[in-house]
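**Student:** Show me how the following folds:
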Amino acid sequence: MKQFALYNPTTLTEAAELLGADPPRTRLLAGGMDLLGRMKFRVDAPERVVNLKSIPGLDAIRETSEGLSLGPLVKLTDLAESPVAQKNYRALAQAAESVGSVQIRNSGTVGGNLCQHPRCWYYRHPDFPCLQKGGPICYAQGGENRYHAILGGGPCFFAHPSDLAPALIALDASAHIVGPKGERTVALEKLYRLPMEQLGVGLALEPGEIVGQIRVPAPKSETRSTYLKFKERPSFDFSLVGVAASLVLDGRKISAARLALSGVAPVPWRAVEAEKVLVGSPLDEATARKAAELVVEGSVPLLHNRYKISLTRTMVRRALLSLA
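**Tutor:** Below you'll find the predicted structure:
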């Protein structure tokens, strides 16, 4: 690991100023699960590291009349075990519980999970100058790609690894962002950009900007949500396909729906056309199957990941029917 200078700011504003002073050579440290791994294998070699753990209050979970507020340093274990999340934001608690192992959840944070870099093995290998690192090609397109994207791919085909992101998007969350030029709030799904829109990890953050808080609106009555994940190793793993669904029921019919996926696209994938079919329909097998077909409509699998199409259909159907 390359030697670096460590900074311990006491406010988010100070952290943003430190980060913004030299963005290409500066990185943020939250839980460290992603950053330290990249540094260890020389995929990332920052000269400056800004430690967010020196800022008080960023690990708080707060419930208000408007909803839930999460600091970027909330541990995944604390979120998974939060009585408020388990009762009113079930998909979020389930997503947090699904991440990695107990040891990872005890160290990993909300902000780190949302902002982690691609888990593509070509990106993570120091000897492959891939597109995301400024190289000429995406090696996964013609290489070993069984874990890569089937939707929204090109020119890069990594699959977004976050479990929390689709759950938060399904719950209509927003991100409060702090930067050198001030503060702003965006819908969480706007935090991500497809490779065809922006290379370089795909986070829609300006130089020096930091995700300072996640806000989840209070759910409407009769809201049901879930996060269902399929992974290769049952004990711990990233999702091959993860499905977050949030439905508002009016009797037997669905009056509102949000559906987002992990593991199938370079961003947390919002299934808007499937949502339209769900609204006004009964929550039954026929509706679930129709929505599942729409989710994978237009998918373009690579040589080794065609299995993700049928797997996605099955996971969407199971997630929806689990809320019946």
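**Student:** any idea how far residue 85 lies from residue 171?
**Tutor:** 10 Å (CB to CB, to the nearest Å). Heads up, the C-betas are built off the backbone N, CA and C, glycines and all.
**Student:** any common contacting residues for these two?
**Tutor:** residue 92 (CB atoms under 8 Å, 6 or more residues apart in numbering).
**Student:** got the residue ranges for the strands in this structure?
**Tutor:** Secondary structure of the chain (DSSP state E): strands located at 5-7, 26-29, 48-51, 61-64, 67-70, 174-179, 182-187, 210-217, 223-231, 239-250, 253-262, 269-270.
**Student:** so what secondary structure elements neighbour the longest one?
**Tutor:** If I follow you right, that is strand 239-250. Contact analysis of strand 239-250 by 3 or more CB pairs under 8 Å, 6 or more residues apart in numbering; DSSP states H and E lists helix 90-98, helix 164-170, strand 223-231, strand 253-262, helix 307-321 as its packing neighbours.
**Student:** How about residues contacting stretch 172-181?
**Tutor:** 12-13, 15-17, 20, 114, 183-188, 191, 205-217, 246, 258.
**Student:** Tell me the buried residues within these.
**Tutor:** Buried members of these, counted by 16 or more other CB atoms under 10 Å: 12-13, 15-16, 20, 114, 188, 191, 205, 208-216, 246, 258.
**Student:** Tell me the bridge partners for residue 248.
**Tutor:** Assessed by DSSP bridges, residue 248 has beta-bridge partners residue 223, residue 256.
**Student:** For it, grab the count of nearby residues.
**Tutor:** 18 (other CB atoms under 10 Å).
**Student:** mind starting the numbering at 55 from now?
**Tutor:** Fine by me, first position is 55 from now on; the one you just mentioned is residue 302.
**Student:** Quick check: the gap between it and residue 376.
**Tutor:** 16 Å.
**Student:** Could you do residue 239 as well?
**Tutor:** Taken as CB to CB, the span from residue 239 to residue 376 is 31 Å.
**Student:** same deal with residue 186?
**Tutor:** 35 Å.
**Student:** who's more crowded, those two?
**Tutor:** Between residue 186 and residue 376, residue 186 has the larger neighbour count (other CB under 10 Å), namely 21 against 13.
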